[in-house]
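[1] Using only what follows, build the 3D model:
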Amino acid sequence: MDFFPWLSSKPDPELRRRLERAVADVDRELAANLELTSMFDQTKQAVVLENGEFTRHGATIQSGLAAAHGPLADLYARIADTESAMERRGPANTLRDDDRMLIETWEGDARAAQRGLRDALAAPQLSPLAALFRRLRGVLPSRR
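    Purely as a prediction, here's the structure:
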């Protein structure tokens, strides 16, 4: 009988399963978005980027993989601006330099966020007590 479940070093298997599903779904969505931006690079025809999986799994990722959530939330918040930049085209489908930079930055950030999400899931899970101590060490001033 476990009187102090928060002292347990075993991660919750149900939480782990939900995190794995969330990461797989968002990872697949990011891969599809990167494929869409690659098609845009080739054709200069605007695309609509996907955001449904992050919307569905964002809270799970935030609670279980907080370090990966921030960059993902920022990336998904910039989808509308990125799509607008794709739609603004000049003569012969040319892009303004600032629009090209915005799109290319989004692509690079998407790749980084995707790697960060995978790395966060692969990192060893801390017990709740270890996470608490790590958090306290970050808050409390160190003694020297």
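
[2] in stretch 45-53, what counts as buried?
    By 16 or more other Cβ atoms under 10 Å, the buried positions in stretch 45-53 come out as V47, L49, E50, N51, E53. Backbone N, C-alpha and C define where each C-beta goes, glycine included.

[3] Hmm, the fourth one is touching I79, no?
    Going back to what we said before, that points to N51. Yes: between N51 and I79 there is a contact under Cβ atoms under 8 Å: 5.8 Å.

[4] which residues do these two both contact?
    Counting by Cβ atoms under 8 Å, 6 or more residues apart in numbering, N51 and I79 have no common neighbour.

[5] Could you save the buried residues of stretch 45-53 as TSV and add columns showing secondary structure and distance to A31?
    TSV is the format used below for those (DSSP: H, G, I helix; E, B strand; the rest coil; distance: Cβ to Cβ, whole Å):
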residue	secondary structure	distance to A31
V47	coil	14
L49	coil	12
E50	coil	10
N51	coil	14
E53	helix	11
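
[6] Buried residues of the lengthiest helix in the chain, list them for me.
    If you go by DSSP state H, the chain has its longest helix at helix 13-43. For helix 13-43, burial by neighbour count (16+ other Cβ under 10 Å) applies to 18-19, 22-23, 25-27, 29-30, 33-34, 36-37, 40.

[7] tell me which of these is nearest to N93?
    Of all those, N93 sits closest to F40, with 10.4 Å by Cβ to Cβ.

[8] give the contact list for the closest one.
    Each residue near F40 by Cβ under 8 Å, 6+ apart is listed here: A46, V47, M86, I103.

[9] what do you get for Y76?
    By Cβ under 8 Å, 6+ apart, the neighbours of Y76 are N51, F54, T55, G58.

[10] what residues are up against the second one?
    By that I understand F54. With Cβ under 8 Å, 6+ apart, F54 has these contacts: V26, E29, I61, L72, Y76.

[11] Format the contacts of F40 as JSON lines; extra columns: distance to Q125, secondary structure and pLDDT.
    Output for those, formatted as JSON lines (distance: Cβ to Cβ, whole Å; DSSP: H, G, I helix; E, B strand; the rest coil; pLDDT from 0 to 100):
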{"residue": "A46", "distance to Q125": "41", "secondary structure": "coil", "pLDDT": "92"}
{"residue": "V47", "distance to Q125": "36", "secondary structure": "coil", "pLDDT": "96"}
{"residue": "M86", "distance to Q125": "39", "secondary structure": "helix", "pLDDT": "95"}
{"residue": "I103", "distance to Q125": "36", "secondary structure": "helix", "pLDDT": "97"}
